[in-house]
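# Take this sequence and fold it.
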Amino acid sequence: MITLIVIGGIILVLVVIVVGVYNGLVTARNRFKNAYSQIDVQLKRRYDLIPNLVETAKGYMKHERETLEAVVTARNSAVSANQQASGNPGDPAAMKALAGAEAALTGTLGRLFALAESYPDLKANENMIQLQEELTSTENRVAFSRQAFNDAVTDFNTRCEKFPANLIAGSFGFHPAELLESTESPEERKPVKVSF
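Okay, here's the model as predicted:
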């Protein structure tokens, strides 16, 4: 009788441990998904600003059609990559595609701003100044949200790798999530000098 009570107690303790670890993994996964949703909100805001920026610049930069089209194309690629990443935040392929699309968009926007320097009327345009300020503000929010997401992913991945959680994570289909990192080279990470 005592042996059955001891065995039952051990089984109960193991079940409580498994349930606790499983619930901790679910909580950590939901945290990084929520953190990605904050990035998603800021990226959508950014994507909504870009067509207005292009329209404003279009009237002044008639001879820079290729650059304007490149910005629109890069924006559309980034929107598509973001939609895929939103479906499964932390998916390595989706995160790498998003990081690549965002790097391309940032590059084309940098070229647009550099070209805008050659157009004094565009630099002085109130709408362009306001859009540039909103875009800068949004970029800061994206960076902050990306940091929160990466922190949540790191916490989740750490939990998945620790013993005994690694046994439970593997058994219940918890896989490491991918950080949302920049794909820019060190040279591209230097701040773009923009003055309107």
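# pLDDT of stretch 152-161, averaged?
Here stretch 152-161 scores 91 as its mean pLDDT.
# Any idea how far that stretch is from the middle of the chain?
On the basis of C-alpha atoms, centre = their mean, to the nearest Å, stretch 152-161 sits 17 Å off its chain's mean C-alpha point.
# Alpha carbons only: can I get that stretch in CSV?
Extracted in CSV, the C-alpha atoms of stretch 152-161 (Å, rounded to 0.1, in the frame of the first residue of the first chain):
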residue,chain,number,x,y,z
ALA,A,152,10.9,37.1,-26.3
VAL,A,153,12.3,34.7,-28.9
THR,A,154,15.5,34.4,-27.0
ASP,A,155,13.6,33.6,-23.8
PHE,A,156,11.5,31.0,-25.7
ASN,A,157,14.5,29.4,-27.3
THR,A,158,16.4,29.3,-23.9
ARG,A,159,13.4,27.6,-22.3
CYS,A,160,13.3,25.0,-25.2
GLU,A,161,17.0,24.2,-24.7
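# which residues sit against that stretch?
With C-beta atoms under 8 Å, 6 or more residues apart in numbering as the test, stretch 152-161 has contacts from 24-25, 28-29, 31-32, 34-35, 90, 165-166, 169, 174-180. Glycine gets a C-beta too; all of them are placed from N, C-alpha and C.
# Stretch 12-27 too?
With C-beta under 8 Å, 6+ apart as the criterion, stretch 12-27 contacts Phe156, Arg159, Cys160, Pro164, Ala165, Ile168, Ala169, Phe172, Phe174.
# if I pick the fifth one, what's in contact with it?
Contacts here follow C-beta under 8 Å, 6+ apart; on that basis Ala165 touches Val21, Gly24, Leu25, Arg159.
# Out of those, which is nearest to Phe144?
Arg159 (23.3 Å; C-beta to C-beta).
# so where is the protein shaky, pLDDT-wise?
Along the chain, the model assigns pLDDT under 70 to residues 62-63, 123, 182-196.
# Spell out the residue ranges of the helices in it.
2-58, 65-87, 92-116, 120-124, 126-161, 165-171 (DSSP state H).
# Mind checking which of the contacts of stretch 152-161 are buried?
Buried by 16 or more other C-beta atoms under 10 Å: 25, 28-29, 31-32, 35, 90, 165, 169, 174, 177-180, out of those.
# Quick check: the two most widely separated of those residues?
Largest pairwise distance in these, by C-beta to C-beta, is 23.1 Å, between Ala165 and Leu180.
# Determine which stretch of the helices of the chain is the most buried.
Most buried of the helices of the chain, by mean neighbour count (mean count of other C-beta atoms under 10 Å): helix 92-116, with a mean of 19.
# Pull the distance from that helix to the chain's centre.
Distance, centroid of helix 92-116 to centroid of chain: 12 Å (C-alpha atoms, centre = their mean).
# got it, and stretch 86-97?
From the chain centre to the centre of stretch 86-97 is a distance of 9 Å (C-alpha atoms, centre = their mean).
# Fine by me, we can end here.
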